[in-house]
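J.: Following is a predicted model, sequence given first.
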Amino acid sequence: MSNNMDKMLSNDGQDLIFRGARSYSRWQNQPVKDTLLRQVYELMKFGPTSANMCPLRIVFAKSQQSKERLKPALEAGNIDKVMASPVTAILGMDIHFYEKLPQLFPHTNARAWFKDLPETVLEHIALRNSSLQGAYFMLAARSLGLDCGPMSGFNNAKVDAEFFAGTTVKSNFLCALGYGDASQLRPRLPRLTFEEACSVI
């Protein structure tokens, strides 16, 4: 009989995606291969979402041209982070995620659950689930040896007009990807203890 303890990540694996991982804003001059970006997606796509709706849509801004298109939407403090990064992922959410449900949730008519809801409600649902997928995205990237620099601090409307015009996709957040420059890191900020954040009832 198998023991669930056998399924645990090693301490090294846990360090890679949690304890030793940091949010980077400075990057080594080392490119990220397109094949690796595909690996990140192929791993993160297995994370659960409500009714398997999978609303996350990703644009990988890798070329200098694409980052120049993104630049006008960035707050000043994020410009250098994005422009110096090997890749910045624009993590968006398809507000009409329900159109894919016949494919993604085929055993029942799940599309009918959502298609007539107000856009504001659909956006809330898409935001929650695409944010979950964004977290899976970062864990997948870290597990494959990449460092992450997630950020808000941008004008969503400008990003949507530049990258998602004519679609039902809206931006959620950005995540720079690459190989971080650890020499530029500040000491890790504190976290709440179990007693401060949790209760068992």
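T.: Done, it's in. Numbers count the residues shown, from 1 in each chain.
J.: Am I right that residue 59 is in contact with residue 87?
T.: No: counting by CB atoms under 8 Å, residue 59 stays clear of residue 87, with 10.4 Å between them. The C-beta positions use only the backbone N, C-alpha and C, and glycine is treated the same way.
J.: neighbour-wise, which of the two wins?
T.: With neighbours defined as other CB atoms under 10 Å, residue 59 and residue 87 compare such that residue 87 has more, 25 against 18.
J.: who does the more buried one bridge with?
T.: Under DSSP bridges, the beta-bridge partners of residue 87 are residue 177.
J.: Likewise for the one 4 residues further on?
T.: According to DSSP bridges, the residues that bridge with residue 91 are residue 58, residue 173.
J.: what's near enough to touch it?
T.: Counting by CB atoms under 8 Å, 6 or more residues apart in numbering, residue 91 touches 56, 57, 58, 130, 133, 134, 137, 171, 172, 173, 174, 175.
J.: can you put those residues in TSV and add distance to residue 65?
T.: Listed next are the contacts of residue 91 as TSV, based on distance: CB to CB, whole Å:
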residue	distance to residue 65
56	24
57	20
58	18
130	26
133	27
134	24
137	23
171	19
172	23
173	22
174	17
175	20
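J.: Settle this for me: residue 176 is touching residue 83, isn't it.
T.: No: the pair residue 176 and residue 83 fails to qualify as a contact (CB under 8 Å) at a distance of 9.8 Å.
J.: Looking at the two, which is more packed in?
T.: residue 176 (27 against 15).
J.: Give me the most central residue, the chain.
T.: residue 134 (2.6 Å; CA atoms, centre = their mean).
J.: Is that one located within a helix, as I assumed?
T.: Yes: using DSSP: H, G, I helix; E, B strand; the rest coil, the assignment for residue 134 is a helix.
J.: That one reaches residue 173, doesn't it?
T.: Yes: applying CB under 8 Å, one finds residue 134 in contact with residue 173, separated by 6.2 Å.
J.: and for the two, which residues touch both?
T.: Both residue 134 and residue 173 are contacted by 91, 150, under the criterion CB under 8 Å, 6+ apart.
J.: buried stuff in stretch 40-60?
T.: 40, 43-44, 47, 49-51, 53-60 (16 or more other CB atoms under 10 Å).
J.: what's the average pLDDT for it?
T.: Stretch 40-60 shows a mean pLDDT of 98.
J.: Verify the contact between residue 40 and residue 146 for me.
T.: Yes: counting by CB under 8 Å, residue 40 touches residue 146, with 7.1 Å between them.
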